[in-house]
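In: Quick one, structure for this:
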Amino acid sequence: MQHITISEVGPRDGLQSVNTTLSTEGKLAWIEAEYRAGVREIEVGSFVSPKLLPQMADTDAVVRGAQHLSGLVIAVLVPNTRGCEAALSAGAHKISIPFSLSETHSVKNVRRNHAQMLDEIRSCLKLIETIPEPDRPAFEVGLSTAFGCTLEGAVPESFVVEMAERVLDLGVAEVGLSDTTGMGNPAQLERLVTGIWHRCGESKLTGVHLHNTRGQGLANALRAVELGITTLDSSLGGLGGCPFAPGASGNIVTEDLVFLLESMGYPTGIDLEALLVVRKQVAALLPEEEWFGFTASAGLPKHFSTAKLQQAS
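Out: Now for the predicted structure:
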C-alpha cells in the first residue's frame, strides 16, 4: 500500500492554542522524540508576531535547533512576506501560508483580505525563487476554512476550486485543503479533492489538514487516503485548533491516526509504541493542558505490531 506521510503539527497548531508557553528546550525535546519514533515531517512553529502569539516567539531558534535531525522535513507556517523572509533565513524546509477562503476569517486571522493575501503569496514566491533551486524550500498555500467557516457559514465548493486554480496559476507548486473549523464530512472532502484534481491536476493537491471538532476527523482522513492523498496533518494528543476561528478545536490525534493507518496496512514509518511514550513525555511538559485520544487510553492490542500486520496483509 501507499506510504502515508503524517505531518505532526503539534509544536505549531497545538501550542498556539494552549495557555502554556513551552520553552525552546521543551519544543526541541518534543521534536527530537517524535523524530526518534519515526515521524519525518514536523511543523515546528510559525513566524508570526510574538504580540499575537507569544507561544511562537522562538520559532527561529526551534528551526535552527532541529537542523541536525537528518531526513526531517522542518515545516513552518507564515502569514505574510515578512514571515517568509524569516523562515528562509532560519532554513525551514517547507513553508506554508494560509489563504482563508472565508474573507472574514482571513481578516481576523492574518489581517488581510483576499486581494491582499494574493499579493502576499506573489511576494513570497518571488522571495523563494531567489534561493538556489537545490536549497529551495517547498512552498504550499493552505486553503483554510475550505469546508466552512464559523464566522461566515458555508463556503461554496465551486469557490474553493476556483481559488485553488487561481493560486496555482500564480506559480505555486501545491495547495493543501484545510478543515480549519472541523465542519467537513467525507462526501464533501471527496468533492473538493476531486474537483481540484480535475481542474488543476492530482500533483497539485497531495495533503490535507483536518480537524476532529465534530468527530469526523478520522473518517475524513480515511476517505482522503482512499482517494490517493498521501500527507495528513495531525497533532500529538489532539492539541490545537485556530485561536481566530471560534469553536475550531480538535486536531486529529496523531496516535489514533497512526493506529488506524498501520492497522489497515498503510505504512507510516512510525513506531506507535514509541510514539505513545513520547505522548507521556510531552504531556509531562504540559501538565495543565487537556489531552485527547482513544489509543493512548485503551492501549495497543496484544496482536498489534507493524511486522505482523504487514505479514497478514
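In: which residue is nearest the centroid of the chain?
Out: In the chain, the residue lying closest to the centroid (C-alpha atoms, centre = their mean) is Asp233, at 4.0 Å.
In: quick one, phi psi at the nearest residue to that one once chain neighbours are set aside?
Out: With sequence-adjacent residues excluded and distances taken as C-beta to C-beta, 6 or more residues apart in numbering, Asp233 is closest to His209, at 4.2 Å. For the C-beta atoms, the positions are set from N, CA and C on the backbone; glycine is no exception. Main-chain torsions, His209, degrees, to the nearest 10: phi -120, psi 110.
In: One more: Phe304?
Out: Per degrees, to the nearest 10, the backbone of Phe304 is at phi -80, psi 120.
In: before we move on, what about Gln216?
Out: phi -100, psi 0.
In: Ile270 versus that one, what's the distance?
Out: Per C-beta to C-beta, to the nearest Å, Gln216 is found 23 Å from Ile270.
In: The protein: helices as residue ranges?
Out: 24-36, 59-65, 81-90, 103-110, 114-128, 157-169, 186-200, 217-227, 254-263, 272-285, 294-298, 306-312 (DSSP state H).
In: Return the distance of the third one from the chain's centre.
Out: From the chain centre to the centre of helix 81-90 is a distance of 18 Å (C-alpha atoms, centre = their mean, to the nearest Å).
In: ok, residues contacting it?
Out: Contact with helix 81-90 is made by 46-48, 59-60, 63-64, 76-78, 95, 97, 120, 123-124, 127-128, 131, 137, as judged by C-beta atoms under 8 Å, 6 or more residues apart in numbering.
In: Is it possible to mark the buried ones in the residues you listed?
Out: Neighbour counting with 16 or more other C-beta atoms under 10 Å marks 46-48, 59-60, 63-64, 76-78, 95, 97, 120, 124, 127-128, 137 as buried within the contacts of helix 81-90.
In: if we can go back for a sec, so the residue nearest to Asp233 bridges to which residues?
Out: Following DSSP bridges, His209 is listed with bridge partners Ser178.
In: And for Glu8?
Out: Ile42, Ser234.
In: for it, what are its contacts?
Out: 34, 39, 41-43, 233-236, 254.
In: In CSV, list the residues you listed along with distance to Gly184.
Out: Formatted as CSV, the contacts of Glu8 follow (distance: C-beta to C-beta, whole Å):
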residue, distance to Gly184
Glu34, 26
Val39, 24
Glu41, 22
Ile42, 24
Glu43, 20
Asp233, 13
Ser234, 15
Ser235, 17
Leu236, 22
Thr254, 19
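In: PyMOL command for the buried members of these?
Out: Entered in PyMOL, the line below selects the buried ones among the contacts of Glu8, by 16+ other C-beta under 10 Å:
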select buried, resi 34+39+41+42+43+233+234+235+236+254
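In: In JSON lines, list the contacts of Glu8 along with pLDDT and distance to Glu152.
Out: Converted to JSON lines, the contacts of Glu8 look like this (pLDDT from 0 to 100; distance: C-beta to C-beta, whole Å):
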{"residue": "Glu34", "pLDDT": "98", "distance to Glu152": "35"}
{"residue": "Val39", "pLDDT": "98", "distance to Glu152": "34"}
{"residue": "Glu41", "pLDDT": "98", "distance to Glu152": "31"}
{"residue": "Ile42", "pLDDT": "98", "distance to Glu152": "31"}
{"residue": "Glu43", "pLDDT": "98", "distance to Glu152": "26"}
{"residue": "Asp233", "pLDDT": "98", "distance to Glu152": "23"}
{"residue": "Ser234", "pLDDT": "97", "distance to Glu152": "26"}
{"residue": "Ser235", "pLDDT": "96", "distance to Glu152": "25"}
{"residue": "Leu236", "pLDDT": "97", "distance to Glu152": "31"}
{"residue": "Thr254", "pLDDT": "97", "distance to Glu152": "30"}
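In: Out of the contacts of Glu8, the closest to Ser17 would be?
Out: Comparing those against Ser17 with C-beta to C-beta picks out Ser235 as the nearest, at 9.4 Å.
In: So that closest one sits against Glu255, correct?
Out: No - with contacts counted by C-beta atoms under 8 Å, Ser235 stays clear of Glu255, the gap being 10.0 Å.
In: rewinding a little: now do the contacts for the residue nearest to Asp233.
Out: Here His209 is in contact with 9, 142, 176-180, 233 (C-beta under 8 Å, 6+ apart).
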